[in-house]
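J.: 3D, please:
(one chain, ligands or ions: 1)
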Amino acid sequence: MRRFEIALPNSVDDCLQILAGRGAEAKLVAGGTDLLPQLKNGLLKPAWVVDLSGVSRLRSLEVDDGKGLRIGAAVTARELELHPGVRAGYLALAESGALVGSVQIRNLATVGGNVCNAAPSADMIPPLLALDAEAVIAGPKGQRRVPLTSFFLNVRRTVLGPDELLLEIVVPAPGPRSGGNYLRHTPRRELDIAVVGVASQLTLSNGVCAKARIALAAVAPVPLRATAAEQALEGQPLTPPLIERAAQLAVEAAQPISDQRGSLEFRRHLVRVLTRRTLTTALERARA
Ligand SMILES: Cc1cc2nc3c(=O)[nH]c(=O)nc-3n(C[C@H](O)[C@H](O)[C@H](O)COP(=O)(O)OP(=O)(O)OC[C@H]3O[C@@H](n4cnc5c(N)ncnc54)[C@H](O)[C@@H]3O)c2cc1C
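T.: Coordinates of the predicted model:
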């Protein structure tokens, strides 16, 4: 690993000041579970590493029944997994946190790190997309909000500038009669990354689907929404044939590749199966 200087800001303003001077040659670190392997294998060679562990503002997790969730960028996967308010209203998100690595990894891995690392297979991103989350970004000109659907540009590339940091993720309350689910397929049970991940989120009203969201991981350079599948469900009573139709439309939205983890055909098959299963579970939860 190349030697680097470490900066330890204790506020967001301190951090922005450091980034203003050294942003192009600096990397932020939260839990370090993505960054450290990248430093060790020489993929990244920053002159400065800016440690966010002293910035308490990034660690807050607020649940407001009416308004929704505010998840500080440095909230961990383990906190999402266990938080009663997240489990009560945003179960797909808690489920995705529970799937990240091992308990040791989840105690370090942050939601901000998962989102900003922007791996196509990242587990916490699909439920956030399905929940219409927005990223709150701090930079030299103040704060800006970006819908998560526009946050990802390519594999490991986001809209964040070198002088910016992710402050928090804001998730609107899904409202009554809503349910969600996240599932992924991995060849091994633990410590493996998704070959495909699917999050579904449904809201019901008067016996029909008022709102549907389906988000896919590991089937394109960036995590994506299956919007045609969502539109096929909205305004309709949710029957098994309609769910099957949505699963087919989700397959058509995916742009998978073949690699050592799975073939293109296998990934398409997984999108169909996981979309059907997550929609079915989301529907049961919305009705409960
Ligand atoms: C053994 C192992 C198993 C894993 N299993 C999984 C898994 O099952 N599912 C999964 O999705 N991931 C998995 N990961 C990857 C990793 O744990 C997650 O992506 C984790 O959420 C990253 O968070 P972090 O805090 O460790 O990020 P870090 O490594 O600290 O940072 C990751 C990237 O985000 C940037 N960053 C961090 N915080 C901010 C911020 N606030 N603003 C701007 N940029 C920021 C950093 O500069 C860096 O580029 C695994 C990793 C390991 C080592």
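J.: wouldn't Val170 be in contact with Leu69 here?
T.: Yes. If you go by CB atoms under 8 Å, Val170 and Leu69 touch, sitting 7.2 Å apart. Just so you know, the C-beta spots here come from the backbone N, C-alpha and C atoms, and that holds for glycine as well.
J.: who has more neighbours, the two?
T.: Shown here are Val170 and Leu69; by other CB atoms under 10 Å, Leu69 has more neighbours (26 against 18).
J.: could you give the bridge partners of that one?
T.: Val63, Val171 (DSSP bridges).
J.: and Ile204, how far from Ala288?
T.: No, residue 204 isn't Ile; it's Leu. Per CB to CB, to the nearest Å, Leu204 is found 11 Å from Ala288.
J.: again with Ser258
T.: 39 Å.
J.: show me which of those two is the more surrounded one.
T.: Neighbour count, other CB under 10 Å: between Ser258 and Ala288, Ser258 has more, with 11 against 7.
J.: ok, now which ones touch the more buried one?
T.: Going by CB atoms under 8 Å, 6 or more residues apart in numbering, Ser258 touches Leu264, Arg267.
J.: same deal with Ala98?
T.: Ala77, Glu81, Arg106.
J.: what's the pLDDT at the closest residue to the ligand within the stretch 1-150 of the chain?
T.: Nearest to the ligand, among the residues of the stretch 1-150 of the chain, is Gly113, at 2.1 Å (CB to the nearest ligand atom). Listed pLDDT for Gly113 reads 98.
J.: what do you get for Glu190?
T.: 71.
J.: now the one 5 residues further on
T.: At Val195 the predicted local distance difference test score is 93.
J.: how close does the residue nearest to Gly112 when sequence neighbours are not counted sit to Ala135?
T.: Take Gly112 and drop its neighbours on the chain: the residue closest to it by CB to CB, 6 or more residues apart in numbering is Ala73, 2.8 Å away. Using CB to CB, Ala73 is found at 9 Å from Ala135.
J.: more neighbours: these two, which one.
T.: Ala73 (27 against 24).
J.: out of the contacts of Ala98, which touch the ligand?
T.: Contacts with the ligand within the contacts of Ala98, as defined by CB under 6 Å from any ligand atom: Ala77.
J.: would you format the contacts of Ala98 as JSON lines with distance to Ala246, neighbour count and secondary structure included?
T.: Putting these into JSON lines (distance: CB to CB, whole Å; neighbours: other CB atoms under 10 Å; DSSP: H, G, I helix; E, B strand; the rest coil) gives the following:
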{"residue": "Ala77", "distance to Ala246": "28", "neighbour count": "28", "secondary structure": "helix"}
{"residue": "Glu81", "distance to Ala246": "28", "neighbour count": "19", "secondary structure": "helix"}
{"residue": "Arg106", "distance to Ala246": "31", "neighbour count": "22", "secondary structure": "helix"}
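J.: switch the contacts of Ala98 over to CSV; also include pLDDT.
T.: Below are these laid out as CSV (pLDDT from 0 to 100):
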residue, pLDDT
Ala77, 98
Glu81, 98
Arg106, 97
